[in-house]
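>>> Any chance you could fold what I've pasted below:
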Amino acid sequence: MRVLTRALGGIAAGVRARPGVFAAAAACVLLAQFVLPPLVLSIVRKPWDFFTFNPWLKKLPEYLMGGEATLRRKAEVVPNLALFWFSADSPYGGVEWGFAVDVSDFGRWVLTAALFGTYFALWAHRRDRRAVVGFGPPVGRQGGVVGALVSVVGFTTGPCSVMGCGAPVIPVVGLAFVGLSSGTLQLLTMLSRVATAVVLVGMTAGVLYFGWRVGPRSDART
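Residues are numbered from 1 along each chain as shown. As a prediction, this is how the structure comes out:
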């Protein structure tokens, strides 16, 4: 408990010390997750030609406050509610590809952005204090930042809700390959979800470690 308290105190101190770094990093990650998937799909498949917010969103407050659906049903519906989507029409009719973002996706985006923002704020705070990172020589410190940046790209091409692709949730980069079998798509789905979970756990561990390193040291005699 003392270790966790110290880590949380360090995280709060790091974010307070470098709020600009936190805000800039979080905003960049959030923007990248919004822009890169449709950009990748537009380059490798077909430029998107349609974007819209879910027109039903204006009825959401009425739905939440109304009594026509049970609380359990509302809890099931809201996380899967689409917020907006991009799509590209096929020249042969139908949809060439589509990229939809629901409430769960957006929540994951915000969590990811906050994690990366906190990571870089703590990294900058430790650098300013000229503290020893503890993972090796200075090159290792830079490697950790490069790894975090690579993870951003990985997240922005991670699992997403798509249309016309043969699977409900697959990594965006998988859509670059037309004609993949359903088994291959399912494998990409599983690998993408596992990779996303691994990166989230790794970033959380990194944030807690940096927080512990910069956190206030309590006096063991008290």
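>>> Strands along the chain, start to end?
50-53, 82-89, 95-102, 159-163, 169-171 (DSSP state E).
>>> of those strands, which approaches V207 most closely?
strand 159-163 (21.9 Å; Cβ to Cβ). From N, CA and C alone the C-beta is placed, and that goes for glycine too.
>>> Skip the chain neighbours and tell me the closest residue to L111.
Nearest non-adjacent residue to L111, counting by Cβ to Cβ, 6 or more residues apart in numbering: L200, 7.8 Å away.
>>> pLDDT weak spots in the chain?
Scanning the chain with the threshold set as pLDDT under 70 gives 130-189, 191-192, 218-222.
>>> residues touching the residue nearest to L111, list them.
L111, T112, L115 (Cβ atoms under 8 Å, 6 or more residues apart in numbering).
>>> and it, how far is that from V77?
Per Cβ to Cβ, to the nearest Å, L200 is found 25 Å from V77.
>>> swap in P19?
Counting by Cβ to Cβ, the gap from P19 to V77 is 36 Å.
>>> and A205, which of the strands of the chain is closest to it?
strand 159-163 (21.1 Å).
>>> ok so, going back, what's the PyMOL line that selects buried ones from the contacts of L200?
A single PyMOL command selects the buried members of the contacts of L200 (16 or more other Cβ atoms under 10 Å):
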select buried, resi 112+115
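>>> Just give me the neighbour total for R129.
Around R129 there are 12 other residues, counting by other Cβ atoms under 10 Å.
>>> ok, now how distant is the nearest residue to A114 once chain neighbours are set aside from P19?
Leaving aside its sequence neighbours, A114 sits nearest to A26 (Cβ to Cβ, 6+ apart; 5.9 Å). Distance of A26 to P19, given as Cβ to Cβ: 10 Å.
>>> Compare the two (neighbour count), which wins?
A26 (21 against 12).
>>> Let me know whether that one touches G117 as I believe.
Yes: at 3.1 Å, A26 counts as touching G117 under the criterion of Cβ atoms under 8 Å.
>>> could you pull out the helices for this protein?
Using DSSP state H, the helices of the chain run over residues 2-17, 19-44, 60-65, 71-77, 103-128, 138-156, 182-214.
>>> quick one: buried residues of the second one?
Residues of helix 19-44 classed as buried by neighbour count (16+ other Cβ under 10 Å): 21-22, 25-26, 28-30, 32-34, 36-42.
>>> who does that helix touch, helix- and strand-wise?
strand 82-89, strand 95-102, helix 103-128, helix 138-156 (3 or more Cβ pairs under 8 Å, 6 or more residues apart in numbering; DSSP states H and E).
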